[in-house]
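K.L.:
attaching a predicted model along with its sequence, questions to come.
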Amino acid sequence: MAVYTHVSIGTNNLEAAREFYDSVLGALGLKRLADLGDNGSIWGDTAPSFFVLKPANGQPATVGNGVTVSFEAPDRSAVDASHSAALTAGAEDEGAPGPRSWAENAYAAYFRDLDGNKIATYCFKPA
């Protein structure tokens with residue numbers, strides 16, 4: 001059973017966010033499923049799971065201190081590819097791909113998207 005239906009983050013530049021996440025999430029096998037006009041877009045596999053939206057209250061999007069959105073990668077090479085795509089698209093590196101000691105077989109990478117949201121990709125399969 002899924003723990004959540006979707007995660008939403010805010011953006012101040014929707015067109016840049018669409019290009020960024022098309023590339024980064026494409027490396028994980030996800031695709032843009034829908035655009036919500038000038039309000040946002042939705043990515044996922046077969047069902048919507050990740051939304052990038054302009055804030056509904058009309059105020060600028062801001063990042064959450066202590067918030068990280070983490071995507072499951074099908075394998076370690078997808079972690080590497082998504083991190084590389086993110087940095088190529090202008091993301092700030094927050095942790096290069098590599099093993100993480102807190103869980104067996106944890107392999108991850110971290111970056112901040114173009115709006116400063118902290119994003120991670122994780123694989124828990126052996127090398």
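P.N.:
All right, it came through fine.

K.L.:
now do the lengthiest strand in the chain: which elements does it pack against?
P.N.:
Secondary structure of the chain per DSSP state E: the longest strand is strand 92-99. Counting contacts by 3 or more Cβ pairs under 8 Å, 6 or more residues apart in numbering; DSSP states H and E, strand 92-99 packs against helix 76-88, strand 107-112. C-beta coordinates here come from the backbone N, C-alpha and C atoms, glycine included.

K.L.:
so which of these is nearest Val3?
P.N.:
strand 107-112 (18.5 Å; Cβ to Cβ).

K.L.:
just put the helices and strands packed on strand 92-99 in TSV and tack on distance to Lys125.
P.N.:
Shown next, in TSV, are those (distance: least, Cβ to Cβ, whole Å):
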stretch	distance to Lys125
helix 76-88	7
strand 107-112	8
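
K.L.:
residues contacting the closest residue to Thr68 other than its chain neighbours?
P.N.:
Ranked by Cβ to Cβ, 6 or more residues apart in numbering and with sequence neighbours excluded, the top spatial neighbour of Thr68 is Lys118, at 4.5 Å. Applying Cβ atoms under 8 Å, 6 or more residues apart in numbering to Lys118 gives the contacts 63, 67-69, 94, 110-112.

K.L.:
quick one, phi psi at Lys118?
P.N.:
Backbone torsions of Lys118, given as degrees, to the nearest 10, read phi -80, psi 120.

K.L.:
the longest strand of the chain relative to helix 76-88, how many degrees between them?
P.N.:
If you take axes from the mean of the first three to the mean of the last three Cα atoms, to 10 degrees, strand 92-99 sits at 170 degrees to helix 76-88.

K.L.:
partners of strand 92-99 in the sheet?
P.N.:
Applying DSSP bridges, strand 92-99 is found paired with strand 107-112 (antiparallel).

K.L.:
what's the separation between the residue nearest to the spatial centre of the chain and Ala96?
P.N.:
Among the residues of the chain, Ile119 comes closest to the average C-alpha position under Cα atoms, centre = their mean, at 5.0 Å. As judged by Cβ to Cβ, to the nearest Å, Ile119 and Ala96 stand 14 Å apart.
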